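>>> My questions concern the predicted model and sequence given below.
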Amino acid sequence: MKMNIEIECTPEEARRAVGLPDLTPIHDRYIAMMMDTMTGLGPDGQMKPEMLETMMRGWQPMGEAGMAMWKRLFDGATKSG
């Protein structure tokens with residue numbers, strides 16, 4: 001026997017229906033911290049390399065290999081520009 005059930009709801013309603021927590025405050029805080037980091041520019045209006053490294057370390061999904069990939073990417077971008 002095959003049954004199909006269609007439920008029409010918003011993502012918020014679906015989250016509540018299955019009992020998942022509302023992570024909006026955490027997401028908002030994370031975005032605010034990212035914006036604070038990105039607005040802390042150096043005197044020349046450019047982001048400081050230390051800031052980029054700190055920010056990328058927070059994003060790295062693959063440990064040091066991921067950090068090395070980001071470093072090569074940014075080194076290549078700054079040398080060609």
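Cool, got the structure.
>>> Report all helices and strands that the worst-scoring helix or strand of the chain on mean pLDDT contacts.
Counting by mean pLDDT, DSSP states H and E, the chain has its least confident helix or strand at helix 49-59, which shows a mean of 70. For helix 49-59, the elements it packs on are helix 24-39, helix 63-80, judged by 3 or more CB pairs under 8 Å, 6 or more residues apart in numbering; DSSP states H and E. The C-beta positions use only the backbone N, C-alpha and C, and glycine is treated the same way.
>>> The last one to helix 49-59, inter-axis angle?
Relative orientation of helix 63-80 versus helix 49-59 (axes from the mean of the first three to the mean of the last three CA atoms, to 10 degrees): 140 degrees.
>>> low-confidence ranges in the chain?
Within the chain, the segments meeting pLDDT under 70 span 37-38, 40-49, 56, 59-63, 80-81.
>>> how far out from the middle of the chain is the least confident helix or strand of the chain?
Relative to its parent chain, helix 49-59 has a centroid offset of 12 Å by CA atoms, centre = their mean, to the nearest Å.
>>> then it to CSV, C-alphas only?
Below are the C-alpha coordinates for helix 49-59, written out as CSV (Å, rounded to 0.1, in the frame of the first residue of the first chain):
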residue,chain,number,x,y,z
PRO,A,49,45.5,39.9,7.2
GLU,A,50,45.2,38.8,10.8
MET,A,51,41.5,39.5,10.7
LEU,A,52,41.1,37.4,7.6
GLU,A,53,43.0,34.5,9.1
THR,A,54,40.9,34.6,12.3
MET,A,55,37.7,34.7,10.3
MET,A,56,38.8,31.9,8.0
ARG,A,57,39.8,29.7,10.9
GLY,A,58,36.2,29.9,12.2
TRP,A,59,34.9,28.8,8.8
